[in-house]
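Peer 1: Just need the structure, nothing else, for what follows:
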Amino acid sequence: MQLENYIRDIQGFPKEGILFKDITPLLNDAKARKECLDTLVKSLKNQKIDKVVGAESRGFLFGILLAQELNAGFVPVRKPNKLPYETISASYDLEYGTDNLEIHIDAIQKGDKVLIHDDVLATGGTAKAVCELIEKLGGEIVQLNFLMELTFLNGREKIKEYDIFAAITY
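Peer 2: Model prediction:
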């Protein structure tokens with residue numbers, strides 16, 4: 001099954017000059033969704049995972065499915081002021097400025113084996129910030145996995161010290 005066939009290109013979204021990769025056709029097709037999940041799980045080569053960390057918000061979609069499949073806990077990483085309990089934060093660069101991500105202070109225990117999942121690896125800023133949060137809490141990052149990687153944006157360079165997997169590359 002070619003997972004790329006379930007990704008729709010939307011020109012000019014969310015703003016002019018952007019070619020958005022829409023995953024909703026993949027989510028809408030049960031067989032394609034299952035194939036994608038199986039591909040992401042196989043990339044782990046039977047490594048033990050204690051927690052799956054999903055980055056807001058599309059990282060939650062397959063992140064929770066991965067956690068279920070791996071019999072692991074699920075941890076959301078969110079934008080500021082979205083989590084109700086005490087948090088730590090990490091900042092990352094945007095095209096014009098910076099933003100922050102937060103995680104609950106008790107979400108990861110020292111020594112937890114962690115899988116980080118997000119829908120897309122683009123510039124790598126979000127992924128790097130999530131790595132910083134996990135490591136501040138004492139987690140050990142097993143892999144960063146992504147539904148898609150936009151290789152022309154060189155995001156892999158910011159996180160090259162980690163094991164990285166993408167189900168689809170552009």
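
Peer 1: residues contacting the most centrally placed residue in the chain?
Peer 2: Geometric centre of the chain, nearest residue: residue 118, 1.6 Å, by C-alpha atoms, centre = their mean. Going by C-beta atoms under 8 Å, 6 or more residues apart in numbering, residue 118 touches 54-55, 58-59, 63, 126-127, 130, 144, 146-147. (Each C-beta comes from the backbone N, C-alpha and C, glycine too.)

Peer 1: What about those, which one has the most neighbours?
Peer 2: residue 130 (28 neighbours; other C-beta atoms under 10 Å).

Peer 1: That residue contacts residue 101, doesn't it?
Peer 2: Yes - Residue 130 is within contact range of residue 101, at 6.4 Å (criterion: C-beta atoms under 8 Å).

Peer 1: sorry, back to before: would you tell me what helix or strand the residue nearest to the centre of the chain is located in?
Peer 2: strand 113-121 (DSSP states H and E).

Peer 1: buried sites along that strand?
Peer 2: Applying a neighbour-count criterion of 16 or more other C-beta atoms under 10 Å, the buried positions in strand 113-121 are 114-121.

Peer 1: quick one: strands adjacent to it?
Peer 2: Here strand 113-121 is paired, per DSSP bridges, with strand 51-55 (parallel), strand 140-149 (parallel).

Peer 1: closest to residue 44 out of those?
Peer 2: Residue 44 lies closest to strand 140-149 among those, at 6.1 Å (C-beta to C-beta).

Peer 1: Could I get the buried residue list for the next helix or strand after the closest one?
Peer 2: Per DSSP H and E, the first helix or strand lying C-terminal to strand 140-149 is strand 164-169. Of the residues in strand 164-169, 164-168 count as buried by neighbour count, 16+ other C-beta under 10 Å.
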